[in-house]
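**Q** sequence-free structure coming up:
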């Protein structure tokens, strides 16, 4: 069982764990508003009163609203933590300890729990008390500095890459912690933060600076050390092509009907191609622009050269290779019963699955549903109407 004490930053981190069978989630709200986590308002688009952003990061989760500033609320959280395997929180260091919900407090009542604290900048240091958001951490960590067009302004990545990377690091650390607990019977404390996670993802960019003192640059869609490896404009779109070795470069030249480039002394090795990047890319770009994307896809098929179109969302989810290519929407029929627990509101939810295509499987095991689907249950606040959706992949019905 997994419990989460979070509003925004840890939401992406726990979706993977809950998808593997973490069947209960705990979220808190700011007592003064009772509005739930901030992602509810991050739209448009909205489904009813909920943002699709909220639905995406809160999949696979059940929820209760708890006032953590009330001793009765703290008691509820401790009771839940005592029967959990994993406890995840994303508060500024020290805040939960002041409320009696820090690692030492939980360890005292549940020494088996793997306690994961996800912060912006870690437990100590001059930035530790700052709130952490993805874009800010992306800026401080250098990711934004290396993202964007050559000679252009820094650009925020299209999705929250720092949040997602931190989630994967936290996921791996938690799984390792559970293995250790299996061997020793004892839980542990995990410190995971946005800044350290993203700096770790700088890989060769960091090595270039630390070893050779080479400052990083922005390359747009291109690669700083491999040429050609970037997006090329076609007659109706864009195609990304990469040639990581001389053989692949020769194949690209043959497909583009530019065989004279293969033995050209300026392009015979990758090192030379990097040195003469601008001239070579100008030649290749002119050739790519004469045909449609689908034509180039046909020409590159079976060539052994890495290639692919730049897809919009419509094409992404229409891609036959993608497991969501035949996705559908189903609905969960919810029965909600409210019971008073220490003046808090708790929801007991039972559900059945309904597929417009296969009614015979509507009573499938709950464990399979939790593990295979994107299970969205609205964070029900008192006096609110229940609104729920469940988006699932076609593989669920097989």
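**A** Arrived safely. In this text the structure is predicted, and so the values were computed from the model without any measurement.
**Q** Need the residue closest to the centroid of the chain.
**A** Centroid-nearest residue in the chain, with Cα atoms, centre = their mean: residue 164, separated by 3.4 Å.
**Q** any idea how far that one lies from residue 138?
**A** Using Cβ to Cβ, to the nearest Å, residue 164 is found at 11 Å from residue 138. For glycine as for every other residue, the C-beta is placed from the backbone atoms N, C-alpha and C.
**Q** intersection of neighbour lists for these two?
**A** Common contact partners of residue 164 and residue 138 (Cβ atoms under 8 Å, 6 or more residues apart in numbering): none.
**Q** so how far is residue 94 from residue 194?
**A** 18 Å.
**Q** between the two, who's got more neighbours?
**A** More crowded of residue 194 and residue 94, by other Cβ atoms under 10 Å: residue 194, with 28 against 12.
**Q** got the domain boundaries for this structure?
**A** Using automatic domain parsing, the domain parsing of the chain gives 2-28+66-200, 229-310, 333-397.
**Q** winner for burial among those domains?
**A** Greatest average neighbour count among these goes to domain 2-28+66-200 (a mean of 19), per mean count of other Cβ atoms under 10 Å.
**Q** tell me how far it is from the chain's mean position?
**A** 13 Å (Cα atoms, centre = their mean, to the nearest Å).
**Q** measure it end to end?
**A** Using Cα to Cα, to the nearest Å, one end of domain 2-28+66-200 lies 26 Å from the other.
**Q** avg pLDDT for it?
**A** Averaged across domain 2-28+66-200, the pLDDT comes to 88.
**Q** Could you verify that residue 72 is part of a helix?
**A** Yes: under DSSP: H, G, I helix; E, B strand; the rest coil, residue 72 falls within a helix.
**Q** which other residues reach stretch 115-133?
**A** With Cβ under 8 Å, 6+ apart as the criterion, stretch 115-133 contacts 6, 8-10, 13, 86-94, 103, 106-107, 136-137, 140, 166, 170, 173-174, 177, 187-196.
**Q** ok, back up a step: now the domains of the chain in JSON lines, please, with extra columns for distance to residue 222.
**A** Output for the domains of the chain, formatted as JSON lines (distance: least, Cβ to Cβ, whole Å):
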{"stretch": "domain 2-28+66-200", "distance to residue 222": "7"}
{"stretch": "domain 229-310", "distance to residue 222": "4"}
{"stretch": "domain 333-397", "distance to residue 222": "34"}
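**Q** which one of those lies closest to residue 210?
**A** When the domains of the chain are compared by Cβ to Cβ, domain 2-28+66-200 sits nearest residue 210, at 11.1 Å.
**Q** And the spatially closest residue to residue 236 that is not a sequence neighbour, how far from residue 314?
**A** Closest residue in space to residue 236, ignoring its immediate chain neighbours: residue 292 at 5.1 Å, by Cβ to Cβ, 6 or more residues apart in numbering. The gap separating residue 292 from residue 314 is 17 Å, by Cβ to Cβ.
**Q** wait, residue 103 sits on residue 189?
**A** Yes: taking contacts as Cβ atoms under 8 Å, residue 103 lies within contact range of residue 189: 4.7 Å.
**Q** still on that earlier bit, contacting residues around the residue nearest to residue 236?
**A** Residue 292 neighbours (Cβ under 8 Å, 6+ apart): 234, 235, 236, 237.
**Q** ok, so of those, who is nearest residue 63?
**A** residue 237 (41.8 Å).
**Q** For the closest residue to the closest one other than its chain neighbours, give its distance to residue 310.
**A** Residue nearest to residue 237 in three dimensions, not counting chain neighbours: residue 293, with 4.3 Å by Cβ to Cβ, 6+ apart. Separation of residue 293 from residue 310 (Cβ to Cβ): 9 Å.
**Q** Ends of stretch 76-87, what's the gap?
**A** One end of stretch 76-87 sits 14 Å from the other (Cα to Cα).
**Q** cool, stretch 114-127 as well?
**A** Terminal residues of stretch 114-127 lie 25 Å apart, using Cα to Cα.
**Q** Stretch 112-122 too?
**A** 23 Å.
**Q** ranges for the strands of the stretch 101-250 of the chain?
**A** Assigned by DSSP state E, counting those that start in this stretch, the strands in the stretch 101-250 of the chain fall at 114-119, 188-193, 229-233, 238-242.
**Q** so can I have CSV of the ones you listed showing distance to residue 55?
**A** Formatted as CSV, the strands of the stretch 101-250 of the chain follow (distance: least, Cβ to Cβ, whole Å):
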stretch, distance to residue 55
strand 114-119, 21
strand 188-193, 25
strand 229-233, 31
strand 238-242, 30
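**Q** can you tell me which of these comes nearest to residue 98?
**A** That would be strand 114-119 among these, by Cβ to Cβ, at 14.1 Å.
**Q** The closest one pairs with which strands, parallel or anti?
**A** Sheet partners assigned to strand 114-119 using DSSP bridges are listed as strand 86-89 (parallel), strand 188-193 (parallel).
**Q** So which of the domains of the chain is nearest residue 318?
**A** domain 229-310 (11.7 Å).
**Q** mind checking the end-to-end distance for that closest one?
**A** Termini of domain 229-310 sit 14 Å apart (Cα to Cα).
**Q** got it, and stretch 191-209?
**A** Start and end residues of stretch 191-209 are separated by 26 Å (Cα to Cα).
**Q** and it, how far out from the chain's middle?
**A** The answer for stretch 191-209 is 17 Å, by Cα atoms, centre = their mean.
**Q** what's that stretch in contact with?
**A** So stretch 191-209 is contacted by 9, 13, 116-123, 127, 132, 134, 137-138, 140-143, 146, 161-163, 165-166, 169-170, 173, 214-216, 225 (Cβ under 8 Å, 6+ apart).
**Q** where exactly do the helices run in the stretch 201-350 of the chain?
**A** 203-212, 246-255, 270-275, 277-288, 293-300, 313-318 (DSSP state H, counting those that start in this stretch).
**Q** May I see the ones you listed arranged in TSV, with mean pLDDT as well?
**A** Formatted as TSV, the helices of the stretch 201-350 of the chain follow (pLDDT from 0 to 100):
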stretch	mean pLDDT
helix 203-212	96
helix 246-255	98
helix 270-275	98
helix 277-288	98
helix 293-300	98
helix 313-318	90
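**Q** of these, which approaches residue 49 most closely?
**A** helix 313-318 (23.5 Å).
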